[in-house]
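# Build me a model from this:
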Amino acid sequence: MKGVLTSGIRRAMFTLFFAACPVLAERHQPTKIKAAALQVAMIQSDEIQLPPEFQVALYENLIRQLEKNGFPRVYRDGDRNAKSVASLVVLRSTVRGFKAGSERARQVTTVSGATSIKVHCQFTSPDGTPLLEQDVTGKVRFFGGNLKATYDFAKKAAHVAHENFFSPESE
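Next up, the predicted model:
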């Protein structure tokens, strides 16, 4: 009798599990945070010596990719118009790692010469309250100039913003 009871429980558990699979399979999207506008602070590289052209390219590519990814209002660091925006989110970025690669080595072999840059992105409210923090890495491995790593970073950071924030204007 004990074996029958156990197999009955197993069968019931099996049935319940597979009946619940569609519910378990649904991907629960995290709740997005309202962001009427984004203000991008200058990218800091206190610990890492970053060539000036990389610093400028990181900032410019980031702004361009955020605008391209559906944020209708992206403000630069110091823009006074941002202060009057309700639901403003400020993006502060700090370079945490940088490996300058070699374009020549990438042309000759696919195993060496990669350029990578690791940036810590912190999305905050205007008063500095953290909303989201994430490390984003930009790389160029095979073809292209070293500055392409900044473009890769910008695309990934804009994707993080798009996945976690929404603009009421884009609804």
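# where along the chain do the strands fall?
Taking DSSP state E as the criterion, the chain carries its strands at 33-34, 37-40, 74-76, 88-99, 115-124, 130-140, 165-166.
# I'd like the ones you listed laid out as CSV, including mean neighbour count.
Where you see a C-beta, it was placed from the backbone N, CA and C, and this is true even at glycine. Shown next, in CSV, are the strands of the chain (neighbours: other C-beta atoms under 10 Å):
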stretch, mean neighbour count
strand 33-34, 14
strand 37-40, 23
strand 74-76, 18
strand 88-99, 19
strand 115-124, 20
strand 130-140, 16
strand 165-166, 20
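# Give me the below-cutoff pLDDT ranges for this protein.
Low-confidence segments of the chain, defined by pLDDT under 70: 1-30, 102-113, 141-144, 170-171.
# can you give me the helices for it?
Secondary structure of the chain (DSSP state H): helices at 2-25, 52-68, 103-108, 148-164.
# so what's V119 up against?
Applying C-beta atoms under 8 Å, 6 or more residues apart in numbering, we find V119 in contact with I43, L58, S93, T94, V95, R96, D135, V136, T137, G138, F153, A157.
# Is it bridged to anything, and to what?
V95, V136 (DSSP bridges).
# The one 5 residues further on now?
Beta-bridge partners recorded for T124 (DSSP bridges): V90, P130.
# what's the answer for R76, then?
V40.
# tell me the contacts of it?
Q39, V40, I63.
# Against Q44, how distant is A37?
Distance, A37 to Q44, by C-beta to C-beta, to the nearest Å: 21 Å.
# One more: G138?
16 Å.
# With R80 instead?
With C-beta to C-beta as the criterion, R80 and Q44 are 21 Å apart.
# Between those two, point out the one with more neighbours.
Remark: of R80 and Q44, Q44 carries more neighbours, 15 against 7, as counted by other C-beta atoms under 10 Å.
# need the contact list for the more buried one.
R92, S93, T94, V95.
# Great, nothing more from me.
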